[in-house]
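Undergrad: starting from these lines, generate the structure:
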Amino acid sequence: MPVSASTRSLSGFGMSLVGGLRTSNISDCFSDPMGAKRNHRYKKSKWGRYGPGPFLRRNRPSIHQLAKPQAKRYRNKWPRGRIWLSGALKGAPHKKGVVTKVYIKNPKKPNSANRKVCNVTLSNKEKIRATIPGIGHNLFEHSSVLIRGGRSRDLIGFHYKVVRGKYDCKPVIGRKTSRSKYGVKKPK
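TA: Numbering: from 1, shown residues only. As a prediction, the model looks like this:
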């Protein structure tokens with residue numbers, strides 16, 4: 001006995017043609033096809049579907065606001081103390097590292113110069129970019145250096161400085177003023 005087209009099952013799909021309506025389950029005809037996707041956006045929270053009310057909702061402070069010494073005034077915005085932009089040091093004053101690349105970078109406007117900078121892999125396996133202060137240097141790849149925190153204001157993304165006069169980095173030659181910053185001994 002031949003099977004009519006209206007009751008023929010579609011092999012591999014588990015569907016049947018009943019009166020021209022293709023369906024695997026009658027409840028599929030009445031369910032919301034976008035229901036699963038629509039509901040995942042509104043996860044249950046203690047404030048309900050739309051998040052906290054206008055008095056509880058706060059704008060998060062920026063990373064630079066939290067890095068300021070007056071970070072307490074932003075405590076109402078986000079419950080966190082002061083944070084440091086030199087986070088790769090992990091709270092230490094200095095870290096030893098190995099230079100991976102030495103190159104020149106141009107500062108942002110209005111300054112114009114060739115700043116000597118280097119990429120450094122620290123002893124805690126963090127990779128950072130540091131500036132080399134002072135006039136002239138003797139650093140190259142695989143030199144050992146000591147890194148301290150300190151932002152270079154006209155170079156974007158450079159939050160560390162190389163300590164002069166320590167490990168492979170020689171002090172600045174002929175420096176008379178601010179000698180302690182450049183590793184120069186007191187002249188006799």
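Undergrad: quick one: the strands in this protein, in order.
TA: Along the chain, counting by DSSP state E, strands occupy 9-10, 15-18, 21-23, 94-105, 115-122, 127-131, 144-149, 160-162.
Undergrad: low-scoring stretches of this protein, by residue?
TA: 1-61, 70-84 (pLDDT under 70).
Undergrad: how about the helices of it, start to end?
TA: For the chain, the helices defined by DSSP state H cover 35-39, 63-67.
Undergrad: what residues sit buried inside the last one?
TA: Buried residues in helix 63-67, defined by neighbour count with 16 or more other C-beta atoms under 10 Å: Leu66, Ala67. Backbone N, C-alpha and C define where each C-beta goes, glycine included.
Undergrad: who are the packing partners of that helix?
TA: Helix 63-67 is packed against no helix or strand, with contacts defined by 3 or more C-beta pairs under 8 Å, 6 or more residues apart in numbering; DSSP states H and E.
Undergrad: kindly format the C-alpha coordinates of that helix as PDB.
TA: C-alpha atoms of helix 63-67 as PDB (Å, rounded to 0.1, in the frame of the first residue of the first chain):
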ATOM      1  CA  ILE A  63      42.100  54.000  36.000                       C
ATOM      2  CA  HIS A  64      43.700  57.500  36.200                       C
ATOM      3  CA  GLN A  65      41.300  58.700  38.800                       C
ATOM      4  CA  LEU A  66      42.100  55.600  40.900                       C
ATOM      5  CA  ALA A  67      45.800  56.200  40.500                       C
END
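Undergrad: which residues touch Ile147?
TA: For Ile147, the contacting residues are 89, 94-97, 120, 122, 128, 130, 160-163, by C-beta atoms under 8 Å, 6 or more residues apart in numbering.
Undergrad: can you check Ser180 too?
TA: No residues are in contact with Ser180 under the rule C-beta under 8 Å, 6+ apart.
Undergrad: quick one on the thing from earlier: which one of the strands of the chain lies nearest to Pro69?
TA: strand 144-149 (14.1 Å; C-beta to C-beta).
Undergrad: now the closest one against strand 127-131, angle please.
TA: 80 degrees (axes from the mean of the first three to the mean of the last three C-alpha atoms, to 10 degrees).
Undergrad: how about stretch 138-148: buried residues?
TA: Leu139, Ser143, Val145, Leu146, Ile147, Arg148.
Undergrad: end to end, how far does that stretch reach?
TA: Stretch 138-148 has an end-to-end distance of 18 Å (C-alpha to C-alpha, to the nearest Å).
Undergrad: try stretch 138-150
TA: 21 Å.
Undergrad: same question, stretch 102-115
TA: 11 Å.
Undergrad: contact partners of it?
TA: By C-beta under 8 Å, 6+ apart, stretch 102-115 touches 116-118, 131-132, 139-141, 152, 154-156, 158.
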